[in-house]
Every structure is written in structure tokens, then in C-alpha cells.
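Participant: Just a sequence and a predicted model for now, questions to come.
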Amino acid sequence: MLSTNSNFADVVNYVIGIINLTIPVLVALAVVMFMWGAVRFIMKSGESVGGAAERDAMVWGVIALFVLFSIWGILHIMQNTLLGAGSYSGSSAGSSGNCVTTSHTITNSSNGVIGAVKTTDCSK
């Protein structure tokens with residue numbers, strides 16, 4: 001939540017955070033819309049008439065996915081350009097058998113730690 005003494009960077013990060021929470025939901029809806037259109041299109045493929053509405057649903061699903069990923073990418077480019085790029089640091093946390101666990105912390109110069117990721121690689 002924003003406080004009364006928030007600066008521009010805090011407001012931008014807050015808005016981008018809200019958008020980042022809604023984009024996965026909207027992407028899921030676009031994928032469902034595409035799949036729904038595809039299934040109905042396949043089911044009507046034997047009929048000589050129809051299929052335009054189903055094809056339109058698939059096209060609009062692809063357009064929605066393109067727009068959502070474009071917005072997400074543009075926001076990240078603008079955030080990194082206007083507010084400075086975040087820094088990335090990684091450190092090995094340990095290993096167990098054939099698996100290696102690594103912890104990563106992602107920080108931004110304006111507001112500190114953004115997130116932390118822990119990965120385990122068992123491919124070796």
C-alpha cells in the first residue's frame with residue numbers, strides 16, 4: 001500500500017505490481033477463449049455452414065495474448081528505463097546428492113528487495 005510520503009517510483013512500482021497481478025488472470029482467460037473457439041471450430045468442421053464465430057474467437061484469443069504480453073513487456077522496459085534496472089545477485093546455497101540448490105535475490109535500486117527465487121538443479 002502507498003503511504004502519504006510516497007515518491008514517483010513508489011507509485012509507478014505499485015501500479016506495475018497491480019498490473020503484474022492481473023495479467024496472468026487475463027492471459028488465462030485469453031487462452032480459455034482461444035481453446036473454446038478451437039474446440040467448437042473442430043466440432044463444427046464437418047458442417048458445410050458456420051465456423052466463423054469460432055474462428056473469430058480463436059483470432060481474438062491470439063490478439064488478446066499478443067496485446068497482454070506486449071503491455072507486460074512495455075511496462076517492464078519503461079520501469080527499467082525510468083526507474084533504473086534492478087540488480088540480480090545469486091549465490092549457491094548448497095547441494096544434496098546430484099542436486100544443486102541456488103538462491104537468487106532480485107533487488108531494485110529505488111525500493112530494495114523485489115523478490116527471491118530458490119532453484120534446484122538435478123540435471124547433473
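Facilitator: Okay, I see it. Residues are numbered from 1 along each chain as shown.

Participant: Can you find the helix or strand of the protein with the lowest average pLDDT?
Facilitator: In the chain, no helix or strand scores lower on mean pLDDT, DSSP states H and E than strand 87-96, which sits at a mean of 46.

Participant: Can you tell me the closest non-neighbouring residue to Cys99?
Facilitator: If the residues on either side of it in the chain are set aside, Cys99 comes closest to Cys122, at 4.1 Å by C-beta to C-beta, 6 or more residues apart in numbering. (Each C-beta comes from the backbone N, C-alpha and C, glycine too.)

Participant: Could you give the number of residues near that neighbour?
Facilitator: 10 (other C-beta atoms under 10 Å).

Participant: pretty sure it contacts Thr101?
Facilitator: No: applying C-beta atoms under 8 Å as the test, Cys122 and Thr101 come out as separate, 9.6 Å apart.

Participant: Would you state the strands of this structure in chain order?
Facilitator: Counting by DSSP state E, the chain has these strands, from start to end: 87-96, 99-108, 112-121.
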